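Colleague: Test case, fold it:
(one chain, ligands or ions: 1)
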Amino acid sequence: MSNNTLTITHDRSGKTYQVPIENGTIRAMDLRMIKTSPEDFGVMSYDPAFLNTASCQSAITYIDGDKGILRYRGYPIEQLAEKCTFLEVAYLVLFGELPTDTELKEWTDAITHHTMLHENTKKFLEGFRHDAHPMGIFVSTVAALSTVYPDARNVLDPEVRKLQIYRLIGKVPTISAYCYRHSLGHPYVYPDNDLSYTENFMNMLWKMVEPKYQANSVLARALDILFILHADHEQNCSTNVMRAVGSSQADPFLATAAAATALSGPLHGGANEEVLKMLDEIGSKDRVPAYIDHIKAGHGKLMGFGHRIYKNYDPRARIIKWAADQVFRVTGTSSKLEIALELERIALKDEYFIKRKLYPNVDFYSGIIYQAMGFSPDMFTVLFAIPRTVGWLAQWQEMLTDPEQKIARPRQIYIGHDLRDFVPIEKR
Ligand SMILES: CC(C)(COP(=O)(O)OP(=O)(O)OC[C@H]1O[C@@H](n2cnc3c(N)ncnc32)[C@H](O)[C@@H]1OP(=O)(O)O)[C@@H](O)C(=O)NCCC(=O)NCCS
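Modeller: Residues are numbered from 1 along each chain as shown. Okay, here's the model as predicted:
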């Protein structure tokens, strides 16, 4: 008997089944052979919230939550954050290898030449109320691109896919900057092709009447690093949505809008906005111990703490803390940073958090950095969606080219009524 099998005895029938184990995994479909009669459906696995179910094979991102490891295509996140630009990492995540000099130039050129929005899209944006949440505007505008590019529907053509990848990665900073300018009532700024990806984003956000926008190089690099850290994170909630929606062969604009919708929730990409609200609620450093007691008593969660996968530390949080240092040297420190540091210091020594392996995650410091740079908290999730578009597209492409994948369609365990007869309204 091979060691790479699992032997299951069905106690009701007394039959024994052997199920292969590959990569530490059994195939759920193998359980279907466990039946009491030929008519029997067979055994299913039940896994609400996918706590122990792999939905795909992927070669993009590797995470070891216990050891605090995050790698894109085999490269440690720490090395990529230190040595690469965001667009270089985007190329790696999407195409599997770091680009050569020529490949990087061509890639950068392709992205740079897809940053403009159709003028109609600008008009569409203008229809939103001035106080609309930027994430709602972002999601709707990305979805609306589907109407501008009907050719995107042909998702099985690799060349068509590549063009939509250029378009989406090129346009998400423009859409995001326009969401921001819309909320301020400022005129939209067109992209500047002389600037890098993040510098151009800053230009579209903050250029006023000066003839040429000059980005602060420290802030531009910090933003680039934050983008690198957020490019992909394997099968998280929004990526799972991207794959699920994409599996119906919906076009990538609609699938990306769906993924961004999932990202907007406070338990996912909305967490850094919640962190800022929490720091505001705490108000001052001396009120931190009381706030922690309040959380421990079961009143909510410490936002920016805990992670479904990382149960040791979030490797991105360490890099972000370093980036925060750089940013605060330019912008000056903030009272929020002081409260956050105190919160981290006390929580990391507290039995409640130690026992549950709760550590600061990537969202704990990112919001504080973004606010120091001048973003309002409601823009934070949009800032997450820009780089994560790369990961969504890489995962979407991988899903479409994986011969094992089909339209995603989970099973359920029906627990409702058995058959019953219709009751006329007067008898109910
Ligand atoms: C990220 C998160 C959703 C992961 O959830 P999860 O893996 O399902 O973890 P659980 O909800 O099972 O939590 C396990 C325990 O820790 C507690 N816990 C988890 N996160 C907590 C937090 N941030 N503050 C206080 N307690 C927390 C839970 O209440 C639970 O306690 P219990 O065992 O006494 O019931 C969760 O930690 C969270 O909501 N964090 C705050 C939001 C956030 O920062 N999200 C960004 C993620 S990048």
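Colleague: Which one of the residues in the stretch 251-400 of the chain is closest to the ligand?
Modeller: Gly306 (2.4 Å; C-beta to the nearest ligand atom). Placement of C-beta: from N, CA and C, glycine included.
Colleague: What is the burial count for that residue?
Modeller: For Gly306, the neighbour count with other C-beta atoms under 10 Å is 19.
Colleague: Point me to the residue of the stretch 51-200 of the chain nearest the ligand.
Modeller: Closest to the ligand within the stretch 51-200 of the chain is Leu51: 8.1 Å, counting by C-beta to the nearest ligand atom.
Colleague: re the thing from before, which residues does the residue lying closest to the residue of the stretch 251-400 of the chain closest to the ligand once chain neighbours are set aside contact?
Modeller: Excluding its sequence neighbours, the residue lying closest to Gly306 (C-beta to C-beta, 6 or more residues apart in numbering) is Leu358, at 4.4 Å. With contact taken as C-beta atoms under 8 Å, 6 or more residues apart in numbering, Leu358 is in contact with Leu302, Phe305, Gly306, Ala347, Tyr352.
Colleague: Can you list the helices and strands that the helix or strand hosting Met242 packs against?
Modeller: Using DSSP states H and E, Met242 sits in helix 237-246. Packing partners of helix 237-246 (3 or more C-beta pairs under 8 Å, 6 or more residues apart in numbering; DSSP states H and E): helix 252-263, helix 380-400.
Colleague: Now do the SS call for Asp194.
Modeller: coil (DSSP: H, G, I helix; E, B strand; the rest coil).
Colleague: can you tell me how far it sits from Gln214?
Modeller: Distance of Asp194 to Gln214, computed by C-beta to C-beta, to the nearest Å: 11 Å.
Colleague: before we move on, what about Phe253?
Modeller: The spacing between Phe253 and Gln214, counted by C-beta to C-beta, is 33 Å.
Colleague: between the two, who's got more neighbours?
Modeller: The neighbour comparison of Phe253 against Gln214 (other C-beta under 10 Å) goes to Phe253, with 23 against 11.
Colleague: can you give me the helices for the stretch 1-150 of the chain?
Modeller: 77-83, 86-95, 101-112, 119-126, 134-148 (DSSP state H, counting those that start in this stretch).
Colleague: and the first one, C-alpha only, in PDB?
Modeller: Extracted in PDB, the C-alpha atoms of helix 77-83 (Å, rounded to 0.1, in the frame of the first residue of the first chain):
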ATOM      1  CA  ILE A  77       8.500  39.900  -0.800                       C
ATOM      2  CA  GLU A  78      11.300  41.500   1.100                       C
ATOM      3  CA  GLN A  79      13.700  41.300  -1.800                       C
ATOM      4  CA  LEU A  80      11.100  42.500  -4.300                       C
ATOM      5  CA  ALA A  81      10.100  45.400  -2.100                       C
ATOM      6  CA  GLU A  82      13.700  46.500  -1.800                       C
ATOM      7  CA  LYS A  83      14.900  46.000  -5.300                       C
END
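Colleague: That concludes my questions; thank you for your assistance.
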